[in-house]
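In: structure for this input, please:
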Amino acid sequence: MSILFVTGTGTEVGKTVTTAAVAALARAAGRSVAVLKPGQTGVGPDEPGDVDEVRRLAGPVRTSELARYPEPLAPDTAAQRSGLATVGPEQVAEAVAALAEQYDLVLVEGAGGLLVRYDEPGHTLADMALATAGLGLRTEVLLVAAAGLGTLNSTALTAEALRARGLDLLGVVVGSWPAGPDLAARCNLADLPTAAGAPLLGALPEHLATGACISFAARARMALAPSLGGDWDAAAFTARHRPAA
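Out: Residues are numbered from 1 along each chain as shown. Okay, here's the model as predicted:
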């Protein structure tokens, strides 16, 4: 993979930590990494945003934002309320292409879910990925999903939207796996790949971003599959958490 758009089944599902985990493992493998945030919402001009958190966790990666809005709203709404310019697919595609000339891996982290609006015409992260692919660049999407009840529907809807647009879904990562998973979360491990039509590529433990006795990259390696640079075994993890009949 060289260009990976990271989206989620919704907000607060672990997209930023997942982005950081993928970046950390790529760096550990000797690859150069750039992380792009098309539209950051909910932070002021001098406050740290998602790319700052990625850099804190993953180490010295190239990070950039194309737009920043102070209110925690969808980018289009936040832009209108603040009077700031929106960001569109062509602008994002050009920025990604420029980064791809210099870095081995470019990660593009979206805001909220796949079809959140970024501008008045209604362009979304999916349109940005399509515009990037239209430049002849290999472009894939990584879907970060919640662990518990309700995640299968939002996962299936996102996967269907990607297929309808001809976008490649690399796989699904559970962005925050609870220390004490309930029945729904445990069952979802087996059901998420079916809902997505794509493999389960990781389950990041909750509080992964907080301090621990081993490095963030080492913890990420234990929670992401080999295709993302880790050692995590989806079949073994699913079997370990399978509930009794």
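
In: can you give me phi and psi for residue 195?
Out: phi -60, psi -40 (degrees, to the nearest 10).

In: swap in the one 5 residues further on?
Out: Backbone geometry at residue 200, expressed as degrees, to the nearest 10, gives phi -80, psi 120.

In: can I assume residue 159 sits in a helix?
Out: Yes. Counting by DSSP: H, G, I helix; E, B strand; the rest coil, residue 159 is part of a helix.

In: I'd say it and residue 197 touch.
Out: Yes. With contact defined as CB atoms under 8 Å, residue 159 reaches residue 197; the gap is 5.4 Å. Using the backbone N, CA and C atoms, a C-beta is placed for each residue, glycine as well.

In: shaky segments in this structure?
Out: Within the chain, the stretches with pLDDT under 70 are 1, 213.

In: in it, what residue spans correspond to strands?
Out: Listed in chain order, the strands of the chain (DSSP state E) span 3-8, 33-37, 40-41, 62-65, 68-69, 105-113, 139-145, 168-177, 200-205.

In: for residue 51, find the nearest of those.
Out: With CB to CB as the criterion, residue 51 lies closest to strand 62-65 of the strands of the chain, at 3.7 Å.

In: which residues does the closest one contact?
Out: Contacts of strand 62-65 with the rest of the structure, by CB atoms under 8 Å, 6 or more residues apart in numbering, involve 32-40, 49, 51-52, 54-55, 95, 99, 102-103.

In: distance between it and the chain's centre?
Out: On the basis of CA atoms, centre = their mean, to the nearest Å, strand 62-65 sits 15 Å off its chain's mean C-alpha point.

In: what of stretch 201-209?
Out: With CA atoms, centre = their mean, you get 12 Å for stretch 201-209.

In: kindly format the C-alpha coordinates of that stretch as PDB.
Out: Output of stretch 201-209 as PDB, limited to C-alpha atoms (Å, rounded to 0.1, in the frame of the first residue of the first chain):
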ATOM      1  CA  LEU A 201      -7.100  -6.500  10.200                       C
ATOM      2  CA  GLY A 202      -6.800  -5.600  13.800                       C
ATOM      3  CA  ALA A 203      -8.400  -4.900  17.200                       C
ATOM      4  CA  LEU A 204      -6.600  -2.000  19.000                       C
ATOM      5  CA  PRO A 205      -7.000  -2.300  22.800                       C
ATOM      6  CA  GLU A 206      -8.800   0.600  24.400                       C
ATOM      7  CA  HIS A 207      -6.400   3.100  26.000                       C
ATOM      8  CA  LEU A 208      -3.700   2.100  23.500                       C
ATOM      9  CA  ALA A 209      -2.700   5.800  23.300                       C
END
